[in-house]
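Trainee: give me the fold of what follows.
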Amino acid sequence: MKKITALLVTIAIMSGILAGCNESVPESSNNPASSANSANTTTAANSENSTNSTNSENSTNEACVVDPLTNFEKEDLIPALADLTVDIFKRSFMEKSDENNLVSPLSALIALNMVMGGAAGDTYSEMLSSVALDINPAYAPARILSSYFNNLPSEDGSKLNIANSVWFRDDDSFVVEESFLKYNREWFNAEIRKAAFDAGTVKDINAWVEEYTDGMIDEIIDEISDTAVMYLINAIAFDSEWEEQYTDKDVSKRDFYPNGYDDEKRQSAEFMYSTEEKYIETENATGFLKPYKGGHYSFAALLPNEEVDITDFVADMTGTGLINALNSVTDEEVNAFIPKFTFDYEIVMNDLLCDMGMKSAFDPDLADFSNLGKSDLGNLYINRVLHKTFIEVDEKGTKAAAVTSVEMNSYGVSMTKSVNLDRPFVFAIVDNDTGVPVFMGVLMSVDN
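Mentor: Numbers count the residues shown, from 1 in each chain. The predicted structure follows:
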């Protein structure tokens with residue numbers, strides 16, 4: 001039976017940097033980040049099949065057992081995480097608002113928080129205020145994030161698996177801080193690999209990515225530069241069937257209007273019809289929730305009112321507004337029409353993250369990753385954050401994949417409601433407990 005599969009890979013490629021279930025960052029550091037990670041949803045295993053160019057250092061280290069968030073912590077977490085999620089989504093869409101969009105803010109946040117364990121000084125402060133869950137002085141951001149994603153539900157028929165790994169150069173010119181490795185190993189259950197950073201390492205990294213994305217992504221790098229010293233990789237795999245799958249009689253040809261009904265341009269697509277029971281209505285949009293098997297996750301759709309442009313709609317979105325919309329669903333019958341669609345997407349997130357306040361991390365002169373390690377080649381900084389995704393939605397479910405690469409360099413209706421998604425709309429795969437999306441996107445076109 002075909003399943004809904006959402007996969008996500010986040011890579012942090014560090015060129016000259018690395019850093020570390022206790023406050024395991026050096027006391028001299030300006031980084032009070034405590035360690036975090038591992039969980040029911042984390043699947044990265046201690047690999048025993050490394051090639052000669054790659055050695056595992058993870059075999060005797062266990063991750064922290066991270067308890068679920070308390071109700072008080074969850075109350076603080078949800079609005080902060082929702083704000084970060086929507087902020088990343090909005091900024092990515094605004095950079096390329098004329099095409100389909102799909103990002104996984106959760107994957108990006110995990111990868112960036114893995115890197116943040118090596119930051120110090122202003123670099124750490126900027127990352128803490130822009131991409132960390134700094135919601136309460138009493139909570140260590142890494143523990144809060146780890147508690148959240150490690151306790152996301154996962155079961156047969158509705159799986160969400162999360163895996164992390166750290167790859168660093170086996171070379172005398174680069175020395176990684178053990179506290180940084182400990183930070184990622186304990187809080188993020190990261191598999192630690194010391195590697196030659198040669199053609200064999202390229203093969204090993206891509207093999208790891210392929211394994212933890214169930215074969216949907218088979219390559220994330222094609223070569224390693226002389227200045228690259230580390231890769232931090234996060235992979236998320238979501239695999240679930242619809243709670244009620246479509247049959248052949250539920251599928252019919254209809255038109256999709258990428259520029260709205262006033263434009264003569266239209267695209268023919270196969271639409272899937274169902275009657276749903278969770279209706280969403282806000283001041284400027286209508287929508288619905290369609291549950292996945294097990295009831296833990298839902299496909300959420302928001303269709304802007306006909307007079308509201310999709311770009312304006314996304315620009316006005318807030319985390320609070322999204323959570324309120326998802327929490328205010330009413331138990332009303334909805335005639336729901338979803339087009340079958342598939343697309344891929346790519347964005348370099350450097351400008352987006354700089355605009356969020358993470359500026360010095362990208363500056364070869366100002367970046368401070370002294371808690372990560374030292375390189376004879378020069379100062380360590382983030383060279384590029386690349387995010388790639390893929391999604392396919394059909395009668396049986398959804399396949400989705402995403403890759404985020406952080407490259408580190410050294411310097412040198414009637415009574416029954418009806419929502420027909422035949423115009424550009426916002427969609428998300430939502431954690432039903434918190435209402436926070438794991439994936440968020442916009443469908444602008446159904447042409448492949």
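Trainee: what is the burial count for residue 199?
Mentor: Residues within reach of residue 199, counting by other Cβ atoms under 10 Å, total 11. Quick note: C-beta positions are derived from backbone N, CA and C, even for glycine.
Trainee: helices of the protein, residue ranges please.
Mentor: Taking DSSP state H as the criterion, the chain carries its helices at 71-95, 105-116, 121-131, 141-150, 178-188, 199-212, 310-315, 319-327, 350-355.
Trainee: quick one: which of those helices is nearest residue 275?
Mentor: Between residue 275 and the helices of the chain, the tightest spacing by Cβ to Cβ is seen for helix 319-327, at 19.8 Å.
Trainee: for the closest one, the distance to its chain's centre please.
Mentor: In terms of Cα atoms, centre = their mean, to the nearest Å, the centre of helix 319-327 is set 19 Å apart from its chain centre.
Trainee: re the thing from before, any chance of the helices of the chain in a markdown table, plus mean pLDDT?
Mentor: Formatted as a markdown table, these follow (pLDDT from 0 to 100):
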| stretch | mean pLDDT |
| --- | --- |
| helix 71-95 | 94 |
| helix 105-116 | 93 |
| helix 121-131 | 96 |
| helix 141-150 | 93 |
| helix 178-188 | 94 |
| helix 199-212 | 90 |
| helix 310-315 | 97 |
| helix 319-327 | 95 |
| helix 350-355 | 96 |
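Trainee: now distance to residue 381 too, for those, in a markdown table please.
Mentor: A markdown table is the format used below for these (distance: least, Cβ to Cβ, whole Å):
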| stretch | distance to residue 381 |
| --- | --- |
| helix 71-95 | 21 |
| helix 105-116 | 11 |
| helix 121-131 | 9 |
| helix 141-150 | 21 |
| helix 178-188 | 16 |
| helix 199-212 | 21 |
| helix 310-315 | 31 |
| helix 319-327 | 29 |
| helix 350-355 | 11 |
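Trainee: closest to residue 376 out of these?
Mentor: That would be helix 178-188 among those, by Cβ to Cβ, at 17.7 Å.
Trainee: buried set for the closest one?
Mentor: 179-188 (16 or more other Cβ atoms under 10 Å).
Trainee: relative to helix 141-150, how tilted is it?
Mentor: Angle between the axes of helix 178-188 and helix 141-150 is 30 degrees (criterion: axes from the mean of the first three to the mean of the last three Cα atoms, to 10 degrees).
Trainee: got the angle between helix 178-188 and helix 105-116?
Mentor: Going by the same axes, to 10 degrees, helix 178-188 makes 160 degrees with helix 105-116.
Trainee: how far does helix 178-188 sit from the chain's center?
Mentor: Going by Cα atoms, centre = their mean, where helix 178-188 is centred and where its chain is centred differ by 20 Å.
Trainee: repeat for stretch 107-120
Mentor: Using Cα atoms, centre = their mean, the offset of stretch 107-120 from its chain centre is 13 Å.
Trainee: buried set for that stretch?
Mentor: 107-120.
Trainee: farthest pair in those?
Mentor: Spatially, the most separated pair among the buried residues of stretch 107-120 is 107 and 120, at 24.5 Å (Cβ to Cβ).
Trainee: thinking again about what came up before, wait, which of the helices of the chain is closest to residue 242?
Mentor: Among the helices of the chain, helix 319-327 comes nearest to residue 242, with 18.5 Å by Cβ to Cβ.
Trainee: can you pull the buried residues of the closest one?
Mentor: In helix 319-327, counting by 16+ other Cβ under 10 Å, buried: 319, 322-323, 325-326.
Trainee: contacts only, for the closest residue to residue 378 other than its chain neighbours.
Mentor: Using Cβ to Cβ, 6 or more residues apart in numbering and skipping residues adjacent in sequence, the residue nearest residue 378 is residue 411, 4.0 Å away. Residue 411 sits next to 16, 364-365, 377-381 when contact means Cβ atoms under 8 Å, 6 or more residues apart in numbering.
Trainee: can you pick the most crowded of the residues you listed?
Mentor: residue 380 (33 neighbours).
Trainee: pLDDT wise, what is that one at?
Mentor: Per-residue pLDDT puts residue 380 at 94.
Trainee: and what of the one 4 residues further on?
Mentor: The confidence metric pLDDT takes the value 81 at residue 384.
Trainee: you'd agree residue 201 is up against residue 207?
Mentor: No. The criterion here is Cβ atoms under 8 Å, and residue 201 misses it with residue 207 at 10.4 Å.
Trainee: neighbour-wise, which of these two wins?
Mentor: Relative neighbour count places residue 201 above the other of residue 201 and residue 207, with 23 against 17, counting by other Cβ under 10 Å.
Trainee: once you drop chain neighbours, what's closest to the more buried one?
Mentor: Counting by Cβ to Cβ, 6+ apart, residue 195 is the residue found nearest to residue 201 once chain neighbours are left out, at 4.2 Å.
Trainee: ok, residue 184 next?
Mentor: Leaving aside its sequence neighbours, residue 184 sits nearest to residue 190 (Cβ to Cβ, 6+ apart; 4.0 Å).
Trainee: coming back round to it: farthest-separated two in the contacts of residue 411?
Mentor: Longest span within the contacts of residue 411, Cβ to Cβ: 365 and 377, 14.6 Å.
Trainee: still on that earlier bit, got CSV for the buried residues of helix 319-327, with distance to residue 443 too?
Mentor: Below are the buried residues of helix 319-327 laid out as CSV (distance: Cβ to Cβ, whole Å):
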residue, distance to residue 443
319, 21
322, 17
323, 22
325, 18
326, 18
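Trainee: contacting residues for residue 336?
Mentor: The contact partners of residue 336, taken as Cβ under 8 Å, 6+ apart, are 273-276, 288, 290, 301, 418-419, 421.
Trainee: that one bridge partners, please.
Mentor: In this entry, residue 336 is beta-bridged to residue 274, residue 419, by DSSP bridges.
Trainee: and the pLDDT at it?
Mentor: 97.
Trainee: gap between it and residue 279?
Mentor: 9 Å (Cβ to Cβ, to the nearest Å).
Trainee: shared neighbours, those two?
Mentor: 288, 419.
Trainee: pretty sure residue 275 contacts residue 332?
Mentor: No. With contacts counted by Cβ under 8 Å, residue 275 stays clear of residue 332, the gap being 10.7 Å.
Trainee: and these two? Which one has more around it.
Mentor: Per other Cβ under 10 Å, whichever of residue 275 and residue 332 has more neighbours is residue 332, with 15 against 12.
Trainee: need the contact list for the nearest residue to the more buried one once chain neighbours are set aside.
Mentor: Spatial nearest neighbour of residue 332, excluding adjacent residues (Cβ to Cβ, 6+ apart): residue 279 at 4.1 Å. By Cβ under 8 Å, 6+ apart, the contact set of residue 279 is 286-288, 329-334, 417, 419.
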